[in-house]
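> Give me a 3D structure for the following:
(2 chains)
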There are 2 protein chains.
Amino acid sequence: MTRLSVPEGSLFGLANLPYGVYSIAGGPRRIATRLGDHVVDLGLLLGTEGEDAVFDEPTLNGFMAQGHARWVAVRTRLQEAVAGEVPDDAVHPLAEVALHLPFEVADYVDFYASEHHASNLGRLFRPDNPDPLMPNWKHLPVGYHGRSASVVVSGTDIVRPSGQRKGPQDPAPVFGPSVRLDIEAELGFVVGTGNAMGEPIPVGEAEQHIFGAVLFNDWSARDIQAWEYVPLGPNLGKSFASTVSPWVVPLLALEAARVATPTQEPAVLPYLAMEGGPWGLDIDLEVEWNGEVVSRPPYAAMYWSPAQMLAHLTVNGAPTRTGDLFASGTISGPEKDQRGAFIELTWGGAEPIVVKGEERTFLQDGDEVALLASAPGADGSRIGFGEARGRIVPAS
Amino acid sequence: MTRLSVPEGSLFGLANLPYGVYSIAGGPRRIATRLGDHVVDLGLLLGTEGEDAVFDEPTLNGFMAQGHARWVAVRTRLQEAVAGEVPDDAVHPLAEVALHLPFEVADYVDFYASEHHASNLGRLFRPDNPDPLMPNWKHLPVGYHGRSASVVVSGTDIVRPSGQRKGPQDPAPVFGPSVRLDIEAELGFVVGTGNAMGEPIPVGEAEQHIFGAVLFNDWSARDIQAWEYVPLGPNLGKSFASTVSPWVVPLLALEAARVATPTQEPAVLPYLAMEGGPWGLDIDLEVEWNGEVVSRPPYAAMYWSPAQMLAHLTVNGAPTRTGDLFASGTISGPEKDQRGAFIELTWGGAEPIVVKGEERTFLQDGDEVALLASAPGADGSRIGFGEARGRIVPAS
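As a prediction, this is how the structure comes out:
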């Protein structure tokens, strides 16, 4: 048996205890939590009898499907178990394991919940329009479905996508590797238990359904997107890859991070009115470009809350399932160095920024981007999300 | 043992042999084909040894994942087996079984491949624009991701969705049941074997990947859609439900239906150039509204082929999986009575049509819509797709 210690200042102390999936040397995928710089195998720590059989599965889906009361109970047991003596074979240094996609993604929806991001894009794309926001933007959380199959775990290389692009002056579209490859720094929310068709999830019940949160990089080929997206929205400009962090931070670990959302004016329709709140999340993100922090997007500035997103997503009767992933859209704050996409940071490429001494606009081959985040945890601690990292490799 | 007979004129003769999933009296879901007015259990007919173990599964996914050579081999065995003596317990009258969603849907993408449909909607929504088609329309098959969880099998009631709508003259959006509930008569294509991330499927290889086709009704709440869809495309206006027919007609059964696609002018980029064709499909659809045929959309008029859709979908490196579903978008022909959506048939509701003696524009509670289709089969036969049927029940 081992007694685990958490390094001073670790974002993975007892207040965090996120869930992930690891393997050793090509062995089977197993469920774990992270404490300090170690992974702790849940099946070996808590057993796999009865309801705990889900800890023998290769994804979190089985556990997530067990529902909110079970998430609470397991978290309590886990906090007690890792504070005591732990079986040696349950513990592995983080450096010795591979981390995998923690859950099987059912449907994936991306929202557009930051007023600063939507306003910046409005100014860039529709400079003649007096209001940078579309008329619907303050009435509903605008979102669209994306590709579940291309959600990959942090560390997966991102192949530069090829596709059609056509500048306004070009006589015809051309085909080739994207020349405006960008990121979107987002938070993703994982549905633990869904709703049946025809039974919407009210804002006040969202907490019973949302299992946790991940970092999410919605890689975006702006040139492909700009040409394809009218009138049915983004498709190939986004569908080539999205990167998630390997640890799902339980909503239960984010109690201390909950803050009021910005005032919504005009008032929203009753089905979107906030209940059970506050539902803002005081999570500070960092965007690292080749190791240099180029932006610090504040999640607390987001206009639409995750509870509102889930209520909206289901208000027409659409069902959600265990493993559904809905993401916030780019997180941008009011300041320039809080913008969560390079198209905003460099103003459409017109204002390059200096990264490690080089002028940059969009992503070059070999570039590496990592999203990181931390938030207040219980008892004055801070908790982390790990990272969502990816490196651009040349188009194939 | 039984020798099966096929009624004269049946669309489910030896040239068809579609695949589906049935159950009896709440028993387990099992894989079957349809011959005449009977279902024939594949596991009981062909056995479940070795590779045939997939016939013991509750969906077609396992069989589809075995790949094209296996689809060919099983079809040949199946044609021989049903022509001979068949075990009694493998055969059930269609009227005595329940039919289920035949495959688990992975990602679902809806295209917009009919020039007549896209032109009609352009004229309706942008009457001042000299060209009803968007600039990108003839260069790429425009499409968007939809909700996999709400794909339901024929016969499932459709609850009228509620949501936000706002007419151009309304000061603010209102919430309530959709008042412009519509259909879209489409064909859906089911991916049997997908592609790995970063390895696009060329047009010429689409045939190796596409397992078969289904009828597909993309129910659409036009009022919800009109308010929400800028700039990221349709979401809640579509995500409440889509209906598929219970039988997947193998692409192998559609050889005699293959015809040239319309000439594409301007020429498409090389990755979309047709190969391995022809890839048009001479499938005649019927739209029944409360039992009366109100439209006969011709699939052969579709501008973009399924092979082009799949090649486009993956050209950026996006992966597809067994069970991916991509649909054609509304099928509309050049004539008024060939339009596959009521918004076109009634010109946005301005020109009601008479259905069973009543003037109709959009769907009323209690209305029932069925899509049907047939196509040329081998040896001068015709083959059918069954139906995609749904009845509108009041908003909950």
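> pLDDT score for the closest residue to chain B within the stretch 151-300 of chain A?
Nearest residue of the stretch 151-300 of chain A to chain B: A:Gly233, at 2.3 Å (C-beta to the nearest C-beta). Yep, even glycine has a C-beta here, placed from its N, CA and C like the rest. Per-residue pLDDT puts A:Gly233 at 96.
> check contacts around it.
For A:Gly233, the contacting residues are A:Tyr144, B:Tyr144, B:Tyr229, B:Pro231, B:Leu232, B:Gly233, B:Pro234, by C-beta atoms under 8 Å, 6 or more residues apart in numbering or on different chains.
> Could you report the neighbour count for the first one?
Other residues within reach of A:Tyr144, judged by other C-beta atoms under 10 Å in any protein chain shown, total 25.
> tell me the SS of A:Glu255?
Using DSSP: H, G, I helix; E, B strand; the rest coil, the secondary structure recorded for A:Glu255 is helix.
> Confirm for me that it is in contact with A:Pro376.
No - A:Glu255 lies out of contact with A:Pro376 (C-beta atoms under 8 Å); the separation is 9.2 Å.
> Return the closest of the contacts of A:Gly233 with respect to A:Ile343.
Distance to A:Ile343 across the contacts of A:Gly233 (C-beta to C-beta) is lowest for B:Pro231, with 14.3 Å.
> I'd guessed the closest one sits against A:Tyr229; true?
Yes - between B:Pro231 and A:Tyr229 there is a contact at 7.1 Å, judged by C-beta under 8 Å.
> hang on, the earlier thing: quickly note the distance from the residue of the stretch 151-300 of chain A closest to chain B to B:Ser148.
As judged by C-beta to C-beta, to the nearest Å, A:Gly233 and B:Ser148 stand 17 Å apart.
> what do you get for A:Phe189?
Taking C-beta to C-beta as the measure, A:Phe189 falls 18 Å from B:Ser148.
> And the two? Which one has more around it.
The neighbour comparison of A:Phe189 against B:Ser148 (other C-beta under 10 Å) goes to A:Phe189, with 27 against 23.
> Please identify the helix or strand for that one.
strand A:185-191 (DSSP states H and E).
> elements contacting that strand?
When contacts are defined as 3 or more C-beta pairs under 8 Å, 6 or more residues apart in numbering or on different chains; DSSP states H and E, strand A:185-191 sits against strand A:210-217, strand A:284-289, helix A:306-314, strand A:325-327.
> Please state the offset of stretch A:79-93 from the chain centre?
Centre-to-centre, stretch A:79-93 and its host chain are 28 Å apart (C-alpha atoms, centre = their mean, to the nearest Å).
> those helices in the stretch 51-200 of chain A, which residues are they?
Secondary structure of the stretch 51-200 of chain A (DSSP state H, counting those that start in this stretch): helices at A:61-64, A:68-83, A:115-125.
> what's near enough to touch the residue sitting furthest away from the middle of chain A?
In chain A, the residue that sits farthest from the middle, by C-alpha atoms, centre = their mean, is A:Pro171; the gap is 38.4 Å. By C-beta under 8 Å, 6+ apart, the contact list for A:Pro171 is empty.
> Report pLDDT for it.
A:Pro171 is assigned 93 on the pLDDT scale.
> cool, A:Leu272 as well?
For A:Leu272, the predicted pLDDT is 98.
> how close does it get to A:Val315?
8 Å.
> What of A:Leu14?
As judged by C-beta to C-beta, A:Leu14 and A:Val315 stand 38 Å apart.
> Domain-wise, how is chain A divided?
Chain A breaks down by automatic domain parsing into domains covering A:2-100, A:108-393.
> does any bit of the shortest one sit next to chain B?
Spelled out, it's domain A:2-100. No - using C-beta under 8 Å from any C-beta of the partner chain, domain A:2-100 never reaches chain B; the gap is at least 13.9 Å.
> got the end-to-end distance for that domain?
25 Å (C-alpha to C-alpha, to the nearest Å).
> about what we covered before: could I get the domains of chain A as a markdown table with distance to B:Glu115?
Shown next, in a markdown table, are the domains of chain A (distance: least, C-beta to C-beta, whole Å):
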| stretch | distance to B:Glu115 |
| --- | --- |
| domain A:2-100 | 42 |
| domain A:108-393 | 15 |
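> ranking those by burial, who's on top?
With neighbours taken as mean count of other C-beta atoms under 10 Å in any protein chain shown, these reach their highest mean count in domain A:108-393, at a mean of 21.
> gap between the two ends of that domain?
Start-to-end span of domain A:108-393 (C-alpha to C-alpha) is 25 Å.
> Do a quick rundown of the strands in the stretch 51-200 of chain A.
Using DSSP state E, counting those that start in this stretch, the strands of the stretch 51-200 of chain A run over residues A:85-86, A:91-93, A:98-100, A:108-111, A:143-146, A:151-153, A:158-159, A:162-165, A:174-177, A:181-182, A:185-191.
> Tell me which of those sits nearest to B:Arg180.
With C-beta to C-beta as the measure, strand A:143-146 is the member of these nearest B:Arg180 (20.6 Å).
> other SSEs contacting that closest one?
Where contact means 3+ C-beta pairs under 8 Å, 6+ apart, strand A:143-146 is packed against strand A:108-111, helix A:306-314, strand B:143-146.
> Out of those, flag the one nearest B:His117.
Evaluated over these, closeness to B:His117 peaks at strand B:143-146, with 13.2 Å, by C-beta to C-beta.
> Can you show me the CA trace of stretch A:266-278 as CSV?
Below are the C-alpha coordinates for stretch A:266-278, written out as CSV (Å, rounded to 0.1, in the frame of the first residue of the first chain):
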residue,chain,number,x,y,z
PRO,A,266,-33.2,42.0,-23.4
ALA,A,267,-34.7,39.4,-21.0
VAL,A,268,-34.7,35.9,-22.3
LEU,A,269,-37.8,33.8,-22.9
PRO,A,270,-39.0,31.9,-19.8
TYR,A,271,-37.5,28.5,-20.8
LEU,A,272,-34.1,30.1,-20.8
ALA,A,273,-34.4,32.0,-17.5
MET,A,274,-31.7,31.1,-15.1
GLU,A,275,-32.6,28.8,-12.2
GLY,A,276,-30.5,26.7,-9.8
GLY,A,277,-27.7,29.1,-10.4
PRO,A,278,-25.4,30.8,-10.5
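> Next, see if that stretch gets close to chain B.
Yes - using C-beta under 8 Å from any C-beta as the criterion, contacts between stretch A:266-278 and chain B involve A:Pro266, A:Leu269, A:Pro270, A:Tyr271.
> Longest strand in chain A, by number of residues?
strand A:382-393 (DSSP state E).
> If you count contacts, what does that strand end up packed against?
strand A:158-159, strand A:210-217, strand A:242-244, strand A:368-376.
> So for that strand, mean pLDDT?
So the average pLDDT for strand A:382-393 ends up being 98.
> go on, stretch A:11-30?
Mean per-residue pLDDT for stretch A:11-30: 97.
> Also stretch A:135-154?
98.
> what residue ranges in the stretch 1-150 of chain A score low on pLDDT?
By pLDDT under 70, the stretch 1-150 of chain A contains no weakly predicted segment.
> Would you map the helices across the stretch 201-350 of chain A?
A:206-209, A:222-228, A:306-314, A:342-345.
> who touches the last one?
The one in question is helix A:342-345. Outside helix A:342-345, the residues that touch it by C-beta under 8 Å, 6+ apart are A:117, A:120-121, A:124, A:180, A:182-183, A:220, A:222, A:294-295, A:330, A:332, A:336-337, A:339, A:349, A:353, A:360-363.
> repeat that with 6 Å
Helix A:342-345 is touched from outside by A:Asn120, A:Asp182, A:Arg222, A:Ser332, A:Arg339, A:Ile353, A:Phe362, with contacts defined as C-beta atoms under 6 Å, 6 or more residues apart in numbering or on different chains.
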